[in-house]
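Enquirer: Structure here, sequence nowhere to be found:
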């Protein structure tokens, strides 16, 4: 006699059936076939945490558009003047 499915497994099973029914109705894949991990996650209705994320590249704070433009202009100016772009010259440029 088969075991009853756990609530989460039942929900993933329902998501899987719904996903492939949507693909059938749309006449093709909803996501590229080469994006296997994304397709499986979408079909099961789960979120996959990104791996190999470099913590140094994560956004630390929310930067307003005006501040982004000021930083961009400083960077462009430093590149034009052939100044090596590092943190301290950038901070000096923004003062």
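Expert: Now that the structure is in, tell me what you want to look at. Small disclaimer: the values here were computed from a predicted structure and weren't measured.

Enquirer: For the helix or strand encompassing residue 18, give the mean pLDDT please.
Expert: Here residue 18, judged by DSSP states H and E, is contained in helix 7-26. For helix 7-26, mean pLDDT is 83.

Enquirer: now for whatever helix or strand comes next after that helix, which elements pack on it?
Expert: Using DSSP H and E, the helix or strand that follows helix 7-26 in sequence is helix 36-44. Using 3 or more Cβ pairs under 8 Å, 6 or more residues apart in numbering; DSSP states H and E, the elements in contact with helix 36-44 are helix 7-26. (Glycine included, C-beta is placed from N, CA and C.)

Enquirer: buried sites along the helix it packs on?
Expert: Using 16 or more other Cβ atoms under 10 Å as the test for burial, helix 7-26 gives 12, 19, 23.

Enquirer: same for that helix, what does it pack against?
Expert: helix 36-44.

Enquirer: how far out from the middle of the chain is the helix or strand just after the helix it packs on?
Expert: Counting by DSSP H and E, the next helix or strand C-terminal to helix 36-44 is helix 65-80. Relative to its chain's centre, helix 65-80 lies at 25 Å (Cα atoms, centre = their mean, to the nearest Å).

Enquirer: Give me the residues contacting helix 65-80.
Expert: With contacts defined as Cβ atoms under 8 Å, 6 or more residues apart in numbering, helix 65-80 is touched by 63, 85, 89, 90, 93, 94.

Enquirer: residues near the closest residue to the second one other than its chain neighbours, how many?
Expert: Take residue 85 and drop its neighbours on the chain: the residue closest to it by Cβ to Cβ, 6 or more residues apart in numbering is residue 78, 5.2 Å away. If you count neighbours by other Cβ atoms under 10 Å, residue 78 ends up with 17.

Enquirer: I'd guessed residue 46 sits against residue 11; true?
Expert: No: under the criterion of Cβ atoms under 8 Å, residue 46 is not in contact with residue 11, lying 9.9 Å apart.
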